[in-house]
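Visitor: Quick one, fold the following:
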Amino acid sequence: MYEINKEDIIAAQKGDQKIMEKILKDNNGLTWSIVKRFSGRGYEMEDLYQIGCMGFIKAIKRFDTSFDVKISTYAVPYILGEIKRFIRDDGLIKVSRSIKELGMKIRELEKEYMQKEGKEININILAEKLNVTKEEIAVAIDSTRTIESINAESSDDDTVSKMEKISTGTDEATMIVNKISIKELIDNLNTREKEIILLRYYKEKTQTEVAQILGITQVQVSRIEKRILTSMRSELSA
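Guide: Residues are numbered from 1 along each chain as shown. As a prediction, this is how the structure comes out:
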């Protein structure tokens, strides 16, 4: 990825189209890394790339060159926001009928299990009862989540965006870049490793619970988890 110098940013802000195109071309790797997060959701990747470029252009036009932050980092929430706004305005993410039907069955089972057992059903039981893989369960659950732009205005204050509302004074853009990097690392894990990360850090299961779900020992879970985290830390610090 090419880091843009202040002179080029200023020239682009003043309307130099050639410089603007050069900036977009030299940084298309960043835009594509964000676009790929939305693959398999019913949209042409090239279309989303163009939408992402629009977000990048907005970031360049609004960037203050006195900021002590890289433009590539500053641009991330704009690229994400533009793509998510497009998807939101275009309607809910397009998913197949079979995934929608599976999602409905999952919700019914979750409600029924909670009423009978008084606790949430885990992904292993869902997969067994519905005769599908845990990966299919995860896809169906993920497809039901509503996507919102972090730059969208809050309902209780039309002048403040959600991103501004939740700001903690830290660099949210850097946090988003890190999340993208982490997702790419998780995508490269094998099936069992993904299951362990999903259960431990997204489902908040203990190592003992994960071991019971996957049919392995707690020691194996601990060893695999430690190896994954060590590898991820190494990749992120590289």
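Visitor: wait, Thr65 sits on Ile9?
Guide: Yes. Thr65 lies in contact with Ile9 (CB atoms under 8 Å); the separation is 5.8 Å. In short, each C-beta sits where N, CA and C put it, glycine included.
Visitor: of these two, who's got more company?
Guide: Of the pair Thr65 and Ile9, Ile9 is the one with more neighbours under other CB atoms under 10 Å, namely 20 against 12.
Visitor: So that one: helix, strand or coil?
Guide: Under DSSP: H, G, I helix; E, B strand; the rest coil, Ile9 falls in the helix class.
Visitor: Strands along this protein, start to end?
Guide: Along the chain, counting by DSSP state E, strands occupy 153-154, 157-161.
Visitor: Mark out where each domain of this structure begins and ends.
Guide: The chain breaks down into these domains under automatic domain parsing: 6-93+147-188, 97-143, 189-238.
Visitor: okay, and for the protein, where does confidence drop off?
Guide: For the chain, residues meeting the criterion pLDDT under 70 lie at 1-3, 89-97, 142-184, 235-238.
Visitor: if we go to 50?
Guide: Applying pLDDT under 50 to the chain flags the ranges 1, 92-93, 146-174.
Visitor: any chance you could map the helices in it?
Guide: 6-13, 17-26, 28-35, 45-62, 71-90, 97-117, 123-130, 134-143, 162-165, 172-187, 191-197, 207-214, 218-237 (DSSP state H).
Visitor: Tell me which of those helices is the most buried.
Guide: Among those, helix 71-90 has the highest mean neighbour count (mean count of other CB atoms under 10 Å), at a mean of 20.
Visitor: Which elements pack onto it?
Guide: Packed against helix 71-90 by the contact rule (3 or more CB pairs under 8 Å, 6 or more residues apart in numbering; DSSP states H and E) you find helix 28-35, helix 45-62, helix 172-187.
Visitor: Having no further points to raise, I will conclude here.
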